[in-house]
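[1] just coords:
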RNA sequence: GGCUCUAUGGUCAAGCGGUCAAGACUCCGCCCUCUCACGGCGGCAACUCGGGUUCGAAUCCCGAUAGAGUCACCA
């Protein structure tokens, strides 16, 4: 068989040689140890938590080593393309402070290893497909959909592994004349890899290979036995072929991808070998899981799980820094430890390593996210928090614009109790914060709880006395002394402990009395310090609310 | 079904042949305290199961079991 001639027949359009591309895309000149990583999303316009998880690992690996992190658009499936998707991807990631050094972007491309859009790399793929054909390592396959279906049916019947391989790969043995004949008849065809493996051999004779995965350690699996499609009938490459060609030519050093790619690793290894290229370092990440309806863990699915969508967190108003911090805690098992030792350090100072990445699927834990978020938001200044809230509101809750009319007021509210030695950690996410703070604004203030039973009967008396004695310039201690006085005058214990010791001697304790006031001013029984809140509300508003409560 | 990955409390997760098996989140109790939050203290709670190897196994080996992933001209 004259493979050289076959290659010429199949690829008359290819005018470049592999050597040409090797020269145009030379090895990168980077410092020792620099890693080159990439994100290769398909442009569906949907980027989820799993993508972010991986992108974060890519980004850290590259930027921590003075390497390069680039964006490659994997649009080899024309059915999936969505307009404007590249923008969405870049913007979503930028929101989480993940930035690319080169590759596709809305304004065009940057970097000298392009194009970074697979649909524009046709000639490159064809060149290397031609090379494989010319060496007898790939061949044209004319099997129709129906033929493949019947092969599958037959395989199922005899319980053979499905797929095109070995004796099922009927086009492998076509003569050059037969091929020319089919070609001139205009029959569609694909280019398939002529695989070396044979899984039908006795188990101890099946060839295996080993690869070091940066996350999982040594991988040991059978060599590929499938005649995988390299070039589809429309001439566009499959993921497998594009991955190998692109990551080689773009000089990627570390391929970070989800564990769902593990089963196709043999294909990629065979392709790298047949093309005579060095293997990149694979980093197969664990997948984010969730508890399914059946009570078992399962991979998060973008259709069924709204919390997988980045928008879900953006709408609730989680701060990007909080999501980053949380992601890092599940990305690297020693991050939390480091964080405890370095509470104020920038997260980027943490030394991220693939070795410390978990290789079993982590369940997404909203409780943990919330906890992490409290600590993260404590470090965000009131002014930045206000900005964040405002941006969030403009996008998702425009009706809240009244909150931003008085910025100083808002910032004081956001800062309540945050500068004490044991600071409050009230803020978790925007939606929750808005609800928490609603009583500061007259339009959303309302009494939403009943008075405590212990003091309900005296409520009017308590409020009248409170109003009488109220002096807006009292210190916090003076202010509370007055409440104690009111309480004990009316038969309540000035100290809760006294009440607990001798409940029969009192109607209740000062806590019940102050709860009446709290409900009158805040509309709820639980809130930060009343004095502090009144100072922010101002004397007028404070008095008005108490009066209004009296006149109900 | 084939191949592959995974297996420590409810969740995340240390652990690399000798530990009373860390820690974080959740939950519960107590303390602090005018409520809540914060903080402090304490508690509940785990090595999937069998076989080996070894003086000794969560750790090594073999098997089972369970869960997950994948088997497209999708990525």
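    Cool, got the structure. Quick caveat, the model's predicted, so the values are computed rather than measured. Numbers count the residues shown, from 1 in each chain, chains lettered A, B, ... in the order given.
[2] For the stretch 1-150 of chain A, which residues are neighbours of RNA strand B?
    A:40, A:41, A:42, A:74, A:76, A:77, A:80, A:143, A:144, A:145, A:148 (CB under 7 Å from any atom of the strand). C-beta here means a position set from N, CA and C on the backbone, and glycine is covered the same way.
[3] can you count the residues close to the third one?
    By that I understand residue A:42. Here the neighbour count serves as a burial measure; for residue A:42 (other CB atoms under 10 Å) it reads 18.
[4] so what's it up against?
    A:73, A:74, A:75, A:77, A:80 (CB atoms under 8 Å, 6 or more residues apart in numbering).
[5] Quick one, grab the pLDDT at it.
    Taken from the predicted model, the pLDDT recorded for residue A:42 is 87.
[6] for the last one, same thing?
    For residue A:148, the pLDDT comes out at 94.
[7] Verify the stated contact: it with residue A:162.
    No - in this structure residue A:148 lies outside contact range of residue A:162 using CB atoms under 8 Å: 9.7 Å.
[8] and residue A:211, which of the three is it?
    strand (DSSP: H, G, I helix; E, B strand; the rest coil).
[9] What pLDDT is listed against the residue nearest to it when sequence neighbours are not counted?
    Nearest-residue entry for residue A:211: residue A:219, 4.8 Å, with adjacent residues in sequence omitted and distances by CB to CB, 6 or more residues apart in numbering. The confidence metric pLDDT takes the value 87 at residue A:219.
[10] and if you look at residue A:307?
    According to the predicted model, the pLDDT of residue A:307 comes to 66.
[11] do residue A:289 as well
    69.
[12] Repeat that for residue A:341.
    As summarised for this prediction, residue A:341 has a pLDDT of 86.
[13] From residue A:334, how far off is it?
    When CB to CB, to the nearest Å is the yardstick, residue A:341 and residue A:334 sit 10 Å from each other.
[14] give me every residue that touches the residue nearest to residue A:211.
    Contact partners of residue A:219, counting by CB under 8 Å, 6+ apart, are A:210, A:211, A:212, A:213, A:262, A:265, A:282.
[15] What subset of those is buried?
    The neighbour-count criterion (16 or more other CB atoms under 10 Å) marks A:211, A:213, A:265, A:282 among those as buried.
[16] Could you list the domains of chain A?
    Chain A breaks down by automatic domain parsing into domains covering A:19-111+A:238-285, A:123-231, A:292-378, A:381-437, A:445-552.
[17] just checking, which of these sits deepest inside the structure?
    domain A:19-111+A:238-285 (a mean of 18; mean count of other CB atoms under 10 Å).
[18] what's the first-to-last distance across that one?
    Across domain A:19-111+A:238-285, the terminal residues are separated by 34 Å (CA to CA, to the nearest Å).
[19] Which parts of the stretch 351-500 of chain A are strands?
    The residue ranges that make up the strands of the stretch 351-500 of chain A, judged by DSSP state E, counting those that start in this stretch, are A:362-363.
[20] Check chain A too.
    Taking DSSP state E, the strands of chain A run over residues A:36-39, A:68-71, A:102-105, A:108-110, A:138-141, A:190-193, A:208-213, A:217-222, A:229-231, A:254-258, A:281-285, A:288-291, A:297-299, A:362-363.
[21] Out of these, which is closest to residue A:392?
    For those, distance to residue A:392 was read as CB to CB. The smallest value, 24.1 Å, belongs to strand A:288-291.
[22] where among the domains of chain A is the average confidence lowest?
    domain A:292-378 (a mean of 83).
[23] for it, the distance to its chain's centre please.
    Chain-centre distance of domain A:292-378: 8 Å, with CA atoms, centre = their mean, to the nearest Å.
[24] before we move on, what about stretch A:512-526?
    Here the centre of mass of C-alpha atoms in stretch A:512-526, compared against the chain's by CA atoms, centre = their mean, lies 41 Å away.
[25] which residues touch it?
    A:439, A:445-449, A:451-452, A:454-456, A:458-459, A:462-463, A:466, A:483, A:486-487, A:490, A:492, A:527, A:530, A:533-534, A:537, A:542, A:545-546, A:549.
[26] What spatial separation is found between the residue nearest to residue A:140 when sequence neighbours are not counted and residue A:128?
    Closest residue in space to residue A:140, ignoring its immediate chain neighbours: residue A:189 at 4.6 Å, by CB to CB, 6+ apart. Computed with CB to CB, the distance linking residue A:189 and residue A:128 is 18 Å.
[27] same question, residue A:169
    21 Å.
[28] wait, does stretch A:274-288 contact RNA strand B?
    Yes - for a cut-off given as CB under 7 Å from any atom of the strand, stretch A:274-288 has contacts with RNA strand B, namely A:286, A:287.
[29] Likewise for stretch A:507-516?
    Yes - when contact is scored as CB under 7 Å from any atom of the strand, part of stretch A:507-516 falls within range of RNA strand B: A:509, A:510, A:511, A:514, A:515.
[30] so residue A:351 makes contact with residue A:61?
    No - look at residue A:351 against residue A:61 with CB under 8 Å: they stay out of range, at 11.2 Å.
[31] RNA strand B contacts on the stretch 351-500 of chain A?
    By the rule CB under 7 Å from any atom of the strand, the part of the stretch 351-500 of chain A lying against RNA strand B is A:356, A:358-363, A:365, A:367-368, A:370-371, A:374, A:417, A:422-426, A:476, A:480, A:495-496.
[32] quick one: which of these sit in helices?
    A:367, A:368, A:370, A:371, A:374, A:476, A:480, A:496 (DSSP state H).
[33] Just list the residues touching the residue lying closest to the fifth one once chain neighbours are set aside, thanks.
    When you say that, I think you mean residue A:374. In space, residue A:374 comes closest to residue A:425 once its chain neighbours are excluded; the distance is 3.9 Å by CB to CB, 6+ apart. With contacts defined as CB under 8 Å, 6+ apart, residue A:425 is in contact with A:374, A:375, A:377, A:378.
[34] want to throw those residues into a markdown table with distance to residue A:410?
    As requested, the contacts of residue A:425 are exported to a markdown table (distance: CB to CB, whole Å):
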| residue | distance to residue A:410 |
| --- | --- |
| A:374 | 19 |
| A:375 | 22 |
| A:377 | 15 |
| A:378 | 17 |
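[35] Closest one to RNA strand B out of these, please.
    Each of the contacts of residue A:425 was scored against RNA strand B by CB to the nearest atom of the strand, and residue A:374 proved nearest at 6.5 Å.
[36] Surely that closest one and residue A:427 touch.
    Yes - using CB under 8 Å as the test, residue A:374 is close enough to residue A:427 to be in contact (6.9 Å).
[37] Please name the nearest non-neighbouring residue to residue A:237.
    Leaving aside its sequence neighbours, residue A:237 sits nearest to residue A:125 (CB to CB, 6+ apart; 4.4 Å).
[38] any idea how far residue A:138 is from the one you found?
    12 Å.
[39] got it, and residue A:269?
    According to CB to CB, residue A:269 stands 16 Å off from residue A:138.
[40] for residue A:324, same thing?
    Here residue A:324 is placed at a distance of 43 Å from residue A:138 (CB to CB).
[41] swap in residue A:369?
    Using CB to CB, one obtains 47 Å as the distance from residue A:369 to residue A:138.
[42] And residue A:363, by the same measure?
    Summarising the geometry, the distance separating residue A:363 from residue A:138, computed by CB to CB, is 42 Å.
[43] Residue A:349 and residue A:335: what is the separation?
    Between residue A:349 and residue A:335 the computed distance is 11 Å (CB to CB).
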